[in-house]
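Peer 1: please work out how this folds:
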Amino acid sequence: MKEIDEIDEQIVSYLMDNGRERVTDIADSLNLNRVTVAQRLEKLVKEGIIRKFTLKLNYEYMGLDVLAFVFISFKKTGDTTQEELAQVISRFAGVEEVHIIAGEFDIIAKVRARNLRELGEKVVNKIRGFSGVETTFSHIVFQTIKD
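Peer 2: As a prediction, this is how the structure comes out:
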């Protein structure tokens, strides 16, 4: 496990809230030296603590108003493994995340769609259509408080 100190924690926390900003802006906000922040960022990326810099989209603005978590039960059929099924599901348009989980279900997928009809098509016609999918259970998100 990689060790990070208080300064690294401050930088990571800042980036989680503010995304990738100029090193100068981060340094000013955290009251740190610009060179220190640049070196720390480089180290955090090199050590794999920061895997990538990304952006947050306004999905409503893009017309993707429906968010659901789809729980999937895996049933071993043929040569398909649970991990292979999860990989296939992860490539569907609108699927943001796929996790193999423990409990009543085996896989969970975070899926976005323009409306309920489109979500239904993705779940019924795509996800349920794959060998290895026994059942699905969809939970629609009413409101996201933190993502």
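Peer 1: show me the shaky parts of the chain.
Peer 2: Counting by pLDDT under 70, the chain shows low-confidence ranges at 1-2, 20.
Peer 1: mind checking the SS state of the residue most central in space within it?
Peer 2: Against the mean C-alpha coordinate of the chain, by CA atoms, centre = their mean, the closest residue is Glu97 at 4.6 Å. Following DSSP: H, G, I helix; E, B strand; the rest coil, Glu97 is assigned to strand.
Peer 1: contact partners for it?
Peer 2: Contact analysis of Glu97 by CB atoms under 8 Å, 6 or more residues apart in numbering lists Ile108, Ala109, Lys110. In short, each C-beta sits where N, CA and C put it, glycine included.
Peer 1: once you drop chain neighbours, what's closest to the residue in the chain sticking out farthest from the centre?
Peer 2: Here the centre of the chain is the reference, and by CA atoms, centre = their mean the most remote residue is Asn33, at 31.9 Å. In space, and not counting its chain neighbours, Asn33 is closest to Ala27: 6.3 Å by CB to CB, 6 or more residues apart in numbering.
Peer 1: can you give me the buried ones in the helix or strand that the one you found is a member of?
Peer 2: In this structure, Ala27 sits in helix 23-30 according to DSSP states H and E. Residues Val23, Ile26, Ala27 are the ones in helix 23-30 that count as buried (16 or more other CB atoms under 10 Å).
Peer 1: the residue nearest to Asn33 contacts Val37, doesn't it?
Peer 2: Yes. If you go by CB atoms under 8 Å, Ala27 and Val37 touch, sitting 4.4 Å apart.
Peer 1: can you pull out the helices in the protein?
Peer 2: Secondary structure of the chain, counting by DSSP state H: helices at 6-18, 23-30, 34-46, 82-90, 116-120.
Peer 1: apart from its chain neighbours, what residue comes closest to Leu32?
Peer 2: Closest residue to Leu32 apart from its sequence neighbours, by CB to CB, 6+ apart: Ile7 at 6.9 Å.
Peer 1: my guess is that neighbour meets Thr36, correct?
Peer 2: Yes. With contact defined as CB under 8 Å, Ile7 reaches Thr36; the gap is 7.3 Å.
Peer 1: could you list the domains of this protein?
Peer 2: Following automatic domain parsing, one finds the domains of the chain at 6-46, 66-140.
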